[in-house]
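S.K.: please work out how this folds:
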Amino acid sequence: MKQEVAEAWVKDLRETTAKQTSGMLFDGVGYCCLGRLCVVLGVGFTRAPDDSEWYWLIDDGSGKGDVLSQSVTDEAGMKSKTGIFCEPDKPEYQPFDLAQLNDQGKTFKEIADIIEKYWEQI
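M.R.: You can find the predicted model right below:
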């Protein structure tokens, strides 16, 4: 991903006081780590046309709110919509993704450390 975007995202994740949520970018109150990337890039959210609580649309109209839109992924210079990366220094050498780690309970600060270390892969 783009270094300047990664740096801004890491800073936001370390400084935000926003509630952290899982399973979606934004739930009306809290954000997942990828939702915070949208905030950093100035992309907002609106309630879905069917007014369901769990389904949010990215303001650019490019998709539902459980993964990044292609436009956000492109703007950030990311290789995937969920932030896939590998930890080559780990014996299991398997891909991880930031969305999954967020949903498994990693804090914003822990995710910021991962982005800082693996931003070139993400």
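S.K.: contact partners for the most centrally placed residue in the chain?
M.R.: Of all residues in the chain, the one closest to the mean position by C-alpha atoms, centre = their mean is L34, 1.2 Å from it. Listed by C-beta atoms under 8 Å, 6 or more residues apart in numbering, the contact set of L34 reads 25, 67-68, 82-83, 98-99, 102. In short, each C-beta sits where N, CA and C put it, glycine included.
S.K.: low-confidence regions, the protein specifically.
M.R.: Per-residue confidence for the chain (pLDDT under 70) gives these ranges: 48-64, 90-94.
S.K.: please, where are all the helices along it?
M.R.: Secondary structure of the chain, counting by DSSP state H: helices at 3-15, 33-40, 70-76, 98-103, 108-118.
S.K.: restrict the third one to CA atoms and write it as CSV.
M.R.: The C-alpha atoms that make up helix 70-76 are tabulated as CSV, following Å, rounded to 0.1, in the frame of the first residue of the first chain:
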residue,chain,number,x,y,z
GLN,A,70,-12.5,-1.1,-5.0
SER,A,71,-12.2,2.7,-5.1
VAL,A,72,-10.9,2.8,-1.5
THR,A,73,-8.6,-0.1,-2.1
ASP,A,74,-7.2,1.7,-5.2
GLU,A,75,-6.8,5.0,-3.4
ALA,A,76,-4.9,3.4,-0.6
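S.K.: which elements pack onto it?
M.R.: On a contact count with 3 or more C-beta pairs under 8 Å, 6 or more residues apart in numbering; DSSP states H and E, helix 70-76 meets helix 3-15, helix 33-40.
S.K.: closest one to Y118 among these?
M.R.: Nearest to Y118 among those is helix 3-15; the distance by C-beta to C-beta comes to 9.2 Å.
S.K.: any residues touching that closest one, and which ones?
M.R.: By C-beta under 8 Å, 6+ apart, the surrounding residues in contact with helix 3-15 are 33, 36-37, 39-41, 75-77, 108-109, 111-112, 115-116, 119-120, 122.
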